[in-house]
Every structure is written in structure tokens, then in C-alpha cells.
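Visitor: fold the following, please.
(chains A and B)
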Amino acid sequence: MSSLDEKIEEAKKLSMHIVKESEDDKLMTLSVGPQHPGTGHFRFIIKLDGDYIVNVNLDLGYVHRGEEKMCEYRNYFTNIPHLERPVIHDSANITYSYSLAVEDLIGITVPRRGQFLRALTSELDRINYTLYWLAIYGIFLGHSTMFMWPAADRELVLDLLERLTGHRITHAFNIPGGVRNDMPNNFKEKCLSQINYLEKRLKEYEHIFYNNPLFRQRTEGVGILSKEDAIKLGVTGSVLRASGVPYDIRKVEPYDIYNEIDFNVQYMKTCDSFARAYIPFLDVRESCHIIRELLDKMPESGDVREKLLSNIKGPPGESFKRVESGRGALSYHLVSDGTSRPYRVKISTGSFRNIIALPFLLVGSKLGDMPAIYWSLNYWPIEADR
Amino acid sequence: MGALNPDFRFGNFVGSIVQLVLFILAFVTLLVLPIIFFVLFFVPLPVVDGQVLTPYLFFSMMVDPSRTIPVIQFLIHTDLFRAAVFPGFAFAALIAASTIFLERKLLAKMQLRVGPLYAGKIEGIFQLLADGLKLISKEIIVPSGADKVIFWLAPIMFVSTSAAVVALIPVAPGWVAADVDVGLIAVFAILGFFPLIILLFSWASNSKYPFIGGLRALHQMVAFEIPFLLSALPAVIFAGSLNLSNIALSQNLFWNILVMPVNAFVFFISSLAELERVPFDLPEAESEIVAGWLTETSGMIFGLIQLGNYLKLYALAGLFVLLFLGGWYGPQIFPPELIPGASTSDVSLLRLVALEGLYNPVTINSIFWFTVKTFVVILLMLITRGINPRIRIDILLHTGWYKMIVLTFINLFVVLTLIYGGILGPGGLISVK
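Guide: Now for the predicted structure:
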């Protein structure tokens, strides 16, 4: 019997315990969110026995917008601007897999330069998202400097994205058929200098945050999610890779030009909160390498976009595509009935799949571990609610 | 300035101010002054410079320079002045205010920000004033079901207890509000009230987050009480006295930190824990329990608790300086006379400007060095906030009850060996004869 099953049994026993003990107020019920500063647009209700968490109830859906239903009333192009709203810092990735799915459905290929630009925006947005996530991880653990530094250094990436796409966030840059526009003239030099500076800053992050003994004390050996449990719970992205599974969509199902790019899949075998906090950081470093490689291998000129009708009609059928986003596998399942609007769009996000692991990690841990475990799951409440 | 009243007339505005001033003047002359004189008639007035200090004499100091200095000299040696102004509450509050400003600016520089910028034009020096006004103008919300008496009383108790610690800290030889022979014990005794006040307040708030925060504060302060006391012990053994002034006086040859660095370290860490500063800000852990025991505070209740916290910060930094950093000793940088040759001069105005009779080079020098050292310690306490995350409660308890206590004992034995070996301490080889 794996440790997950044991934990489920344990949780069941504990919940029986709660029913029995609730009369004499031994347990304290604490609502964490949505007005609590420690969650975001999300709530979980925890029951405390002293300092130990004995029961966790997830309460999602505070920012549900019905993105999937909205897709059914818009055509394939007008879907783009609202689809990137759930995760505005990583909007290149959430529209990436949608564009891939639409292209798969209508059967076109993107010009080579367009593919490179897509990968470039995808990596830049991964850095953007991860720095934002890291800032919040810092403040959740009470490290105010780690909140300010990444939040300020995001400007480096945002500046680049503004030059490339015209918008700092929610770029609407990836569209079915390629990308909206070519990159500006001196973008390559600017990008390289910004990325070089960012890498210097990453070293400083490591000194002040990841090598801080107090941070290590709080995260090492906390919230262990073993390899078997991780696979069984279906977590993805950095959480899965922190549990020792070297699984990256960019490597196992290469899309666009990722099979030509040489990069490593970062993973750790410690399975704890520290690994889950460290893997996204390593991903940012890897992204810096990928960006250099992309700029190096990019064709000098060429089309960036396959011209399509503004009101394209897909042939009846289905398509399924996924990409590796900042939070893990982000996949779209499109069903078309031959009209200009999709019949059904199903979005599967990394956030939602990762948060499922939260109750199993929190039960039995201390209240002080709650922020360290919760935010290490690389969870974005708005994306999970869609 | 878009929200100016359309009926606004500058003349009316000035007129209203003049009216107000006239009203106040009339009120003071007709009502307040008679009351003062009537009361003073029954009060035995002190004698200054051979003359009874009547109100007339007191006011004459404003125009007669030869009277000014004796009156001031008399005033600064009253107990009220010592407790309320220097080295008591006002001095500590001033240091606390500059600490808050320093903290905000320093942290901003560490975190690539600019910090307060707009209030007061120059680097936002009036930010604290603006914050204070904001806090005063805010509504104080008392939660339903709260124990109202304790809820209102606890912030005042917090500030007054902090001020009581401040009163025990001497800043120069003879300059202390309360010169107690068991000064150090008194400091720890007063510090022992804080967990009680915090627990009362958190219980009175009638909310879960403050309650958890209060319990955490209690655990934390109790866990660090023992290493806190023990780490101050070698300094007491050295001085042979519990009086803080005597402990400082015993360090005129060398600073205690040279002999007991480990204890100084433990004392520093323990004072961080006592002050609930990062990394020991568990009672206010925002991401876990909202704002800890301060969750239900609002307006000036919050302001008072913050004031108390920073007074406590000054008191503990001052205590660190007295125990380990040689108190007020430092190189003499102030001249023996403010204006050379003023005391032998015939011009009375020159003597007044030179503050003859008030100016004491040793005292001024002591105050200067004490303040400088205190600010250095405060700076160290502030920097930890920029580089550390929060610690977890079990690690904290482990540190307090186990590691810190053991560390204090190590240094205690070293000091005892040095004293019984006849090298240091009273009557030792290296000591004041």
C-alpha cells in the first residue's frame, strides 16, 4: 500500500474523529481565504488540532468565468483575447496550445519563423509568470525582499514582451496560423542583454532566498509528495518534476520547433516543498538558455503567419494539443461541427490538477507549513477556475 | 486641489482664523490664567538660585538671559522632566520615530524601491506625521462580542509597559529616569508583562486569528525569556551589580562583547524574538493568520501598539549597548567648553550662548556615543528584516529552549573561569582600581 492510500485512510479516520469531537470544541475551524492574505481568489477551510492540520476542504470557483462556454459563442479568432484572461502573466502559453489545436483541426502548418517567435514568447512568459509566482512565494514565507526583487525584475521581461507584441501582459500574440506580427529590428540585441542581466539577478536570488538557512529549514522535508503519489494524483509541471519524474511536454511531445532545441528537463528527487520551490527557478534558468538558442537558430527572414480567412470554418472533428506552461501541462480539447465556431472547448490547466494534491499534503502538517506547501504547488486560482 | 469649495473666499478664511485666535486669547486671559494663578497660590513653589520660582520669575526668563539658565537647570533635574522628556518618553519616542523612518528607507533601498518620497518634499521625512494623522483620523472598530474594557485598555497598557522599560535605561552617568539597584531584573520583570497583555488583547478580540497569534506570542516570549536572562548574567557577574549604570561603568576599560561574544549574540537573537521582528514575526505571520494578534486593531489602537513596539525596540537596543557595547563610553569628541574662553568673559550673552552651567562635555559625549551605538544595534535589528523569511514555531521553540540556553552556558563558564582565575572582574588583574 502506497503512502497515498495510507494518507487517505488517515484522512478518513481523522474526519471521523472530527465528527466525534466537534461537540466539545477541541478542533478549531479556520477559513483561509478568499479575504485572507494568504491565498488569493480561493478558499480552503482547515481544521486544526493544536498546531496540526487534521482536515482540509478545498473551496474553488470564486473567479469562475465560464471560459469554455464563452468559446462556443465566438469564432476561432475572437476566442483568443478572452482565453488569455485566466492567467494574464502567462498568456502566451495559454493561447499557444489553443492555436496549436485549431491549426491541427484545420490542418495547416505555421511558417518556421513564426514557430520560433511563438517559442520565444512562450519562454519569455514562462519567466514572467515564474518571477511573479516567486515574488508571492517570498512574501508568503515572510521574506519581503524576495517579494520586491522578482516583482521589479519582471520589468526586464515585460519590456521585451512589450517590444515584441505591443502589450506588457495579455499579448494576444499567438493566433491560429502563427503570430500576429514580426519582431522589431533591434530586438535580438536588447533581448540578449536583458536576459544576461536577469541571469545575474537569478544568482542573487539564490544567495538571498534559496540558500538562506531559515528558508531551507522551513521547506526541506516539508510536504513530501512521493513519486507514486504524484503520478497517482495526476499532478503536472514543476510539482511532478519535483517528485522525481522528468516529465516535460516540451521533451516528451515536442510541439513546433522544440525538437530542434537542446535543453535539459529539470527535476529533483527530494519530493519536498524545497524541490517544488526550486524547480520553477531552475526552469527560468533553462528558459534563458532556450531563449539564447532560439535567437541563435531563428531564420533571418520569412513569414511569421499563415494567412487565414477571418471567419475560418473547421472541418467536423476533434483535436487535442498541449504545451508545457509555467504551471505544467496546459491542454485544449476542441470539438468542431463544421461551423465557424467551436462546438466544445475543454481546457485542462496545470493549476487545477496541482491543487488536488493540497489536502493530501496539508493533513498532518503544521499550520506554519501551510503557506510553504500551498504556494509550492505552483497554483494560480484564476486559471484553475477558468 | 480640484475639490475647492466654489463659495470659498480667502478673506473669510483669514477672518475665521483671526476669530479663532481672538477667542483662544480671550479664553486664556479670562479663564485659564486666573485658574493657574489661583492654584499656584496654594502650591509650595521651588527655590531656584535663591529666589522662589513664581510665575512672574518663570516668565521673566524669556526676556532676561541671566535667568534662563538657572531655570532650565532646575527644570531638567526634576523627576518629571527625566520621566517625560529626557531620557524618558519623549527622547525614546523621538528615537522610535527616526527608527521607523530609517527602517522604511533602509528596507526600500535593500529592495530596489524608493520608500516614502512625497510627504515633506525631501525624501518623505514627514511620512510618519502623515501616517500618524491618518491613524488618528480613522475609526476605531471594536469587534462585536469583544471584551470592550480589555480591548481599549490593552494598547494603553502596551505603551505604558514599554515606557516603563525605557525609564530604566540610563543614557549617561546619572541620566536615568528610575535609578533602580536591581535595574536588570526590573527590566526582565517588566518585559514579562508583554505576553500577558498580548494574550489578554488577543482573547478580548474575540477572533480566531488573533487568538492563535496571541498563543504564539506567549510561547515565543516564554521560550526566549530564559536565554535572554542567562545571556545577561556574565555582564552582571563582571560588574558585581545589577544596576545598569554600574554595569556600564564597569566597561570603561574594554567592552563586554570582547569577552562574551556568544552571549551578545544570544542576547541579540532573544531581543529579536522578544520584539517579534523578522525572522521571529510568527505572532503576526500574515500569510498564515492574517495579522496575528493585531488582526482586529484599527486606527490609533494599532498606532499605539506600533509606538509601544518601537519604544521596546529602543529599550532593548539600549540594553544591548549597556550590557555589551560599553554603554556610553567612547572617545571624547566634544570640547571642554562650547565657546573657548566664554566662562571667563564679561559678556553675559556670550556665556548664555555657550550654555555655561548647562553644558557638560562628559554628559554630552556619553549621550552622543550611547545614541550612536544604539542606532548601530537598531540598524542590525532592521537589516535582518530584509534578508530573512519567517521561522516556524517548532524550530523557534527548539532554538529557544535548547540551542540558545546551551550557548549561554558556554560563555558563562568562560567568564567564570576568567573571574575566578583572577584576571578580570572586581579586583582582577585587568580592572579599575
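
Visitor: quick one: residues contacting the closest residue to chain A within the stretch 101-250 of chain B.
Guide: Of the residues in the stretch 101-250 of chain B, the one nearest chain A is residue B:111, at a distance of 3.5 Å by C-beta to the nearest C-beta. From N, CA and C alone the C-beta is placed, and that goes for glycine too. Residue B:111 makes contact with A:144, A:145, A:147, A:148, A:149, A:152, B:386, according to C-beta atoms under 8 Å, 6 or more residues apart in numbering or on different chains.

Visitor: quick check: the fourth one touching residue B:115?
Guide: No: under the criterion of C-beta atoms under 8 Å, residue A:148 lies out of contact with residue B:115, with a separation of 11.1 Å.

Visitor: between these two, who's got more neighbours?
Guide: residue A:148 (20 against 16; other C-beta atoms under 10 Å in any protein chain shown).

Visitor: with adjacent residues omitted, what lies nearest to that one?
Guide: The shortest distance from residue A:148 to any non-neighbouring residue, by C-beta to C-beta, 6 or more residues apart in numbering or on different chains, is to residue B:111 (3.5 Å).

Visitor: now the residue in the stretch 101-250 of chain A that chain B sits nearest to: how far from residue A:276?
Guide: Nearest residue of the stretch 101-250 of chain A to chain B: residue A:142, at 3.1 Å (C-beta to the nearest C-beta). As for residue A:142, its distance to residue A:276 is 18 Å (criterion: C-beta to C-beta, to the nearest Å).

Visitor: more crowded one of those two?
Guide: Neighbours of residue A:142 and residue A:276, each counted by other C-beta under 10 Å, are more numerous for residue A:276; the result is 33 against 27.

Visitor: hang on, the more buried one in a helix?
Guide: Yes: according to DSSP: H, G, I helix; E, B strand; the rest coil, residue A:276 belongs to a helix.

Visitor: could you measure from it over to chain B?
Guide: Residue A:276 is 16 Å from chain B, where distance means C-beta to the nearest C-beta, to the nearest Å.

Visitor: ok, that residue - contacts?
Guide: Contacts of residue A:276 (C-beta under 8 Å, 6+ apart): A:223, A:225, A:238, A:239, A:242, A:376, A:377, A:378.

Visitor: now do the buried residues in stretch B:330-337.
Guide: residue B:334 (16 or more other C-beta atoms under 10 Å in any protein chain shown).

Visitor: and the contacts of it?
Guide: Here stretch B:330-337 has contacts from B:343, B:354, B:359, B:361, B:362, B:364, B:365, B:366, B:368, B:369, B:372, B:373, using C-beta under 8 Å, 6+ apart.

Visitor: show me the residues you listed that map onto helices.
Guide: Using DSSP state H, B:361, B:362, B:364, B:365, B:366, B:368, B:369, B:372, B:373 are the members of these that sit in helices.

Visitor: go ahead and build a ChimeraX selection from the buried members of those.
Guide: Selection of the buried residues among the ones in helices among the contacts of stretch B:330-337 in ChimeraX, burial being defined by 16+ other C-beta under 10 Å:
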select /B:364,365,366,368,369,373
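
Visitor: near chain A, which of the ones in helices among the contacts of stretch B:330-337 show up?
Guide: Within the set of the ones in helices among the contacts of stretch B:330-337, contact with chain A (C-beta under 8 Å from any C-beta of the partner chain) is found for no member.

Visitor: so which one among the ones in helices among the contacts of stretch B:330-337 has the lowest pLDDT?
Guide: The lowest pLDDT within these belongs to residue B:361, with 82.

Visitor: state the pLDDT value of the residue lying closest to it once chain neighbours are set aside.
Guide: Once flanking residues are discounted, residue B:361 sits nearest to residue B:334: 4.7 Å by C-beta to C-beta, 6+ apart. Looking at residue B:334, its pLDDT reads 82.

Visitor: got phi/psi on residue B:334?
Guide: Main-chain dihedrals, residue B:334, degrees, to the nearest 10: phi -90, psi 140.

Visitor: take the contacts of stretch B:330-337 and write them to a markdown table, including distance to residue A:299.
Guide: Below are the contacts of stretch B:330-337 laid out as a markdown table (distance: C-beta to C-beta, whole Å):
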| residue | distance to residue A:299 |
| --- | --- |
| B:343 | 89 |
| B:354 | 83 |
| B:359 | 81 |
| B:361 | 80 |
| B:362 | 80 |
| B:364 | 76 |
| B:365 | 75 |
| B:366 | 76 |
| B:368 | 70 |
| B:369 | 70 |
| B:372 | 65 |
| B:373 | 66 |
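
Visitor: give me the neighbour count for residue 213.
Guide: Since no chain was named, I'll use chain A. Neighbours of residue A:213 using other C-beta under 10 Å come to 8.

Visitor: wait, chain B
Guide: 29.

Visitor: what about the helices in the stretch 251-386 of chain A?
Guide: A:273-297, A:350-355, A:358-362, A:370-376, A:381-385 (DSSP state H, counting those that start in this stretch).

Visitor: between those, which one is closest to residue B:137.
Guide: In terms of C-beta to C-beta, the element of the helices of the stretch 251-386 of chain A nearest to residue B:137 is helix A:370-376, at 33.4 Å.

Visitor: before we move on, the earlier item: gap between the residue nearest to residue B:361 and chain A?
Guide: Noted for residue B:334: a distance of 39 Å to chain A, by C-beta to the nearest C-beta.

Visitor: swap in residue B:410?
Guide: Look at residue B:410 and chain A: by C-beta to the nearest C-beta, they are 21 Å apart.

Visitor: ok, for that residue, nearest residue in space, not its chain neighbours?
Guide: That would be residue B:262: by C-beta to C-beta, 6+ apart, it lies 6.0 Å from residue B:410.

Visitor: surely the one you found is in a strand?
Guide: No: under three-state DSSP, residue B:262 sits outside any strand and is assigned helix.

Visitor: any idea of the pLDDT on it?
Guide: We have a pLDDT of 88 for residue B:262.

Visitor: spatially central residue in chain A, please.
Guide: residue A:327 (1.9 Å; C-alpha atoms, centre = their mean).

Visitor: repeat that for chain B.
Guide: Taking C-alpha atoms, centre = their mean, the centroid of chain B lies closest to residue B:92, which sits 3.1 Å from it.

Visitor: which residues touch that residue?
Guide: Residue B:92 makes contact with B:163, B:166, B:311, B:314, B:315, according to C-beta under 8 Å, 6+ apart.

Visitor: cool, and residue A:188?
Guide: By C-beta under 8 Å, 6+ apart, the contact set of residue A:188 is residue A:295.

Visitor: okay, buried residues for the host helix or strand of it please.
Guide: Residue A:188 is part of helix A:187-205, with elements assigned from DSSP states H and E. For helix A:187-205, burial by neighbour count (16+ other C-beta under 10 Å) applies to A:187, A:191, A:194, A:195, A:198, A:202, A:205.

Visitor: got it, and stretch B:20-38?
Guide: Neighbour counts over stretch B:20-38 (16+ other C-beta under 10 Å) mark no residue as buried.

Visitor: run through who's touching it.
Guide: Applying C-beta under 8 Å, 6+ apart, the contact partners of stretch B:20-38 are residue B:55.

Visitor: end to end, how far does it reach?
Guide: Counting by C-alpha to C-alpha, to the nearest Å, you get 26 Å between the two ends of stretch B:20-38.

Visitor: now do it: distance to the chain's middle.
Guide: Chain-centre distance of stretch B:20-38: 35 Å, with C-alpha atoms, centre = their mean, to the nearest Å.

Visitor: now that stretch: mean pLDDT?
Guide: Mean predicted confidence for stretch B:20-38 is 90.

Visitor: give me the pLDDT for residue B:426.
Guide: For residue B:426, the model assigns a pLDDT of 63.

Visitor: what do you get for residue B:142?
Guide: In this model, residue B:142 is scored at 86, pLDDT.

Visitor: write out the residues of chain B neighbouring chain A.
Guide: Applying C-beta under 8 Å from any C-beta, we find that chain B lies next to chain A at B:107, B:110-113, B:208-209, B:212, B:278-279, B:281-282, B:285-290, B:385-395.

Visitor: among the contacts of residue B:92, which are in strands?
Guide: Of these, none are assigned to strands by DSSP state E.
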